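Engineer: no sequence on this one, just coordinates:
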């Protein structure tokens, strides 16, 4: 599942944090970030690789092109493995 939410009142943000509390805690603080974070790519790769939720907060009008393969679900199958090029 991949989700892109428009949440001006931060209600969905709070709901996700509550629902995924245990899984977010297991991934340390790397599961919640902003687009301006210099380690965004590293944390995105870590969370996708470990199957952890990844929440990007305070996204304005522009979305980083780094996220396009994830949002487009550009999954590549090599043998029995699935990959997303980030």
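Structural biologist: That came through fine. Just so it is clear, the model here is predicted, and its values are computed rather than measured.
Engineer: buried set for stretch 40-48?
Structural biologist: Using 16 or more other CB atoms under 10 Å as the test for burial, stretch 40-48 gives 40, 43-44, 46-47. (C-beta placed from N, C-alpha, C; glycine too.)
Engineer: residues in contact with residue 17?
Structural biologist: Neighbour list for residue 17: 24, 32, 55 [criterion: CB atoms under 8 Å, 6 or more residues apart in numbering].
Engineer: Enumerate every residue touching the first one.
Structural biologist: For residue 24, the contact set (CB under 8 Å, 6+ apart) comprises 17, 31-32, 52-53, 55.
Engineer: Could you find the closest non-adjacent residue to the residue nearest to the spatial centre of the chain?
Structural biologist: Taking CA atoms, centre = their mean, the centroid of the chain lies closest to residue 54, which sits 3.1 Å from it. What sits nearest to residue 54 in space, not counting adjacent residues and going by CB to CB, 6 or more residues apart in numbering, is residue 47, at 4.0 Å.
Engineer: Could you look up the SS state of that neighbour?
Structural biologist: Three-state call for residue 47 (DSSP: H, G, I helix; E, B strand; the rest coil): helix.
Engineer: wait, isn't it in contact with residue 56?
Structural biologist: No. Using CB atoms under 8 Å as the test, residue 47 is too far from residue 56 to be in contact (10.6 Å).
Engineer: Quick check: residue 83 is in a strand.
Structural biologist: Yes. Assessed by three-state DSSP, residue 83 belongs to a strand.
Engineer: and the nearest residue to residue 75 once chain neighbours are set aside, bridged to which residues?
Structural biologist: In this structure, residue 75 finds its nearest non-sequential neighbour in residue 82, 5.4 Å apart by CB to CB, 6+ apart. Counting by DSSP bridges, residue 82 forms beta bridges with residue 77.
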